[in-house]
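**Student:** Next comes the sequence, and after it the predicted model I'd like to discuss.
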Amino acid sequence: MPILLFMSEADNADRWRDAMVEKLPGIEFRVWSADPAADETGDPAEIDYALVWKPRPGVLKGLVNLRAILSLGAGVDHLVTDPELPAHVPVVRLVDRCLTQGMSETVIYWVIHFHRKMGVYARFARDGIWKKMRQADAERLRVGILGLGELGGDAARKLVPLHYQVAGWSRRPKEIAGVACFHGDDQLIPFLNRTDILVCLLPLTPETAGIIDARTLAALPAGAHVVNCARGGHVVDEDLLAALDAGHIAGAALDVFHVEPLPADHPYWTHPKVEITPHVASLTVPHSAAEWMVRNIQRIEAGEPPFNTVDGARGY
Ligand code: NDP
Ligand code: OXD
């Protein structure tokens, strides 16, 4: 009977326990806690699988018989930055219908928000201003998605039937119907040059950290918008604030930040061109994500490799 350890600072262990035990009745579900009185880990050598979100660095190395580390989220930067991560244990990213659907909803929401100037109308309404602005044609609006993986690829595909000109940028070449696909460092600037609304859905790696900086922002057309649903570390905040203040960037929707919660004195909070959400672009839904976890555990138990393992060299 596999023994699974749940390690997360979030208070949703019971929802996960219910979902996992329902789908895999034989499993023994233990919950890690920093409080020794509440910690259910028991003998670390008994643990077969770890379900984790931002585990304390070094904790995983003590689970000496671990068969896989299953991330409770799509991003694995919270794991691969642990210098003591056991190198021989596969790390599995979360790929889940609800997570993907939720992210596409958020991306579509912000694209339409900026396209139809809903933020400007909201400000007008607050000030009692009745004023109409010109309506832009979706067919002339160029959306560009950094990252064409599970999330970026789905958002791109869903924007196509809304008649936007959709493009995406990835590391390796891609073909997606209706989407202009760019790839590699050489094609980043041409991709940005044709992008009115830039959406970031990259993993945070040494290659992508700080990718939204003065140079890349300058490559966007004047009046472009930026949507960051990936990680705060993708943005050089000072450069984005400077581009917003200079008027080159017309607005930004930011869901993720270098420090979370976003510190109370951060200039983003009060900037008139910045929309903030608290890292909710898409949340993991336990009853749905548990299906993915169970599928992978069953594969490993059957001697097959799990789906969507992280490539340590690539960092995602
Ligand atoms: P995937 O691994 O499926 O996709 C990543 C994409 O980024 C791929 O297309 C990949 O290219 C591309 N990429 C990676 N590195 C580079 C590079 N150096 N140059 C160009 N392209 C690159 O990840 P997901 O789509 O599942 O998730 C993306 C990120 O979204 C997560 O890592 C996480 O940080 C974030 N996220 C945020 C959430 C939120 O609520 N804010 C919720 C869920 C996820 P290729 O296809 O060629 O490999
Ligand atoms: C994720 C996240 O990576 O929620 O899944 O940020």
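**Tutor:** Structure received. Ligands and ions are numbered 1, 2, ... in the order given.
**Student:** List the buried residues in stretch 220-231.
**Tutor:** 220, 224, 225, 226, 227, 228, 229, 230, 231 (16 or more other C-beta atoms under 10 Å). For every residue, glycine as well, the C-beta is placed using N, CA and C.
**Student:** May I have the distance across it, first residue to last?
**Tutor:** Start-to-end span of stretch 220-231 (C-alpha to C-alpha, to the nearest Å) is 20 Å.
**Student:** In the stretch 51-200 of the chain, what residue lies closest to ligand 1?
**Tutor:** Residue nearest to ligand 1 within the stretch 51-200 of the chain (C-beta to the nearest ligand atom): residue 149, separated by 1.7 Å.
**Student:** burial count for that residue?
**Tutor:** A count of neighbours around residue 149, defined by other C-beta atoms under 10 Å, yields 21.
**Student:** circling back: can I get the buried residues of stretch 220-231 in TSV including pLDDT, secondary structure and distance to residue 176?
**Tutor:** Listed next are those as TSV, based on pLDDT from 0 to 100; DSSP: H, G, I helix; E, B strand; the rest coil; distance: C-beta to C-beta, whole Å:
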residue	pLDDT	secondary structure	distance to residue 176
220	99	coil	22
224	98	strand	22
225	98	strand	22
226	99	strand	22
227	99	strand	19
228	99	strand	21
229	98	coil	18
230	98	coil	19
231	98	coil	23
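**Student:** Which two among those residues are spaced furthest apart?
**Tutor:** Of all pairs drawn from the buried residues of stretch 220-231, the one with the longest distance (C-beta to C-beta) is 224 and 231, at 20.3 Å.
**Student:** ok, the residue of the stretch 51-200 of the chain closest to ligand 1 - contacts?
**Tutor:** For residue 149, the residues meeting the contact criterion (C-beta atoms under 8 Å, 6 or more residues apart in numbering) are 170, 201, 203.
**Student:** ok, the second one - contacts?
**Tutor:** Applying C-beta under 8 Å, 6+ apart to residue 201 gives the contacts 103, 107, 145, 146, 147, 149, 151, 152, 155, 229, 230.
**Student:** Next one: it from ligand 1, what distance?
**Tutor:** Going from residue 201 to ligand 1 by C-beta to the nearest ligand atom, to the nearest Å gives 5 Å.
**Student:** now do the last one
**Tutor:** Computed as C-beta to the nearest ligand atom, the residue 203 to ligand 1 distance reads 3 Å.
**Student:** Can you check the pLDDT for the residue of the chain found nearest ligand 2?
**Tutor:** Each residue of the chain has a distance to ligand 2, by C-beta to the nearest ligand atom, and the smallest belongs to residue 73, at 2.6 Å. Residue 73 carries a pLDDT score of 96 in this model.
**Student:** would you say it is within a helix?
**Tutor:** No - with DSSP: H, G, I helix; E, B strand; the rest coil as the criterion, residue 73 is located in coil rather than a helix.
**Student:** what number of residues lie near it?
**Tutor:** As a burial measure, residue 73 scores 20 neighbours (other C-beta under 10 Å).
**Student:** For it, which residues are in contact?
**Tutor:** When contacts are counted by C-beta under 8 Å, 6+ apart, residue 73 is found next to 53, 94, 99, 284.
**Student:** Can you add distance to ligand 2 and pLDDT and give those back as JSON lines?
**Tutor:** What follows is these, written out as JSON lines (distance: C-beta to the nearest ligand atom, whole Å; pLDDT from 0 to 100):
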{"residue": "53", "distance to ligand 2": "8", "pLDDT": "95"}
{"residue": "94", "distance to ligand 2": "6", "pLDDT": "97"}
{"residue": "99", "distance to ligand 2": "6", "pLDDT": "98"}
{"residue": "284", "distance to ligand 2": "6", "pLDDT": "95"}
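**Student:** Those residues: which two are farthest apart?
**Tutor:** 53 and 99 (12.8 Å).
**Student:** Those two: which is more packed in?
**Tutor:** Neighbour comparison, residue 53 and residue 99: the larger count goes to residue 99, with 23 against 18 (by other C-beta under 10 Å).
**Student:** Closest one of the buried residues of stretch 220-231 to residue 13?
**Tutor:** Lowest distance from residue 13 to the buried residues of stretch 220-231 (C-beta to C-beta) belongs to residue 231, with 24.5 Å.
**Student:** residue contacts, the closest residue to that closest one other than its chain neighbours?
**Tutor:** In space, not counting the residues next to it along the chain, residue 231 is nearest to residue 204; the distance is 3.9 Å by C-beta to C-beta, 6 or more residues apart in numbering. Taking C-beta under 8 Å, 6+ apart as the definition of contact, the neighbours of residue 204 are 75, 77, 230, 231, 233, 234.
**Student:** where does residue 204 fall, phi/psi-wise?
**Tutor:** Here is the backbone geometry of residue 204 (degrees, to the nearest 10): phi -90, psi 110.
**Student:** Now do the SS call for residue 26.
**Tutor:** For residue 26, the assignment made with three-state DSSP gives coil.
**Student:** residues near it, how many?
**Tutor:** Taking other C-beta under 10 Å as the neighbour definition, residue 26 ends up with a count of 8.
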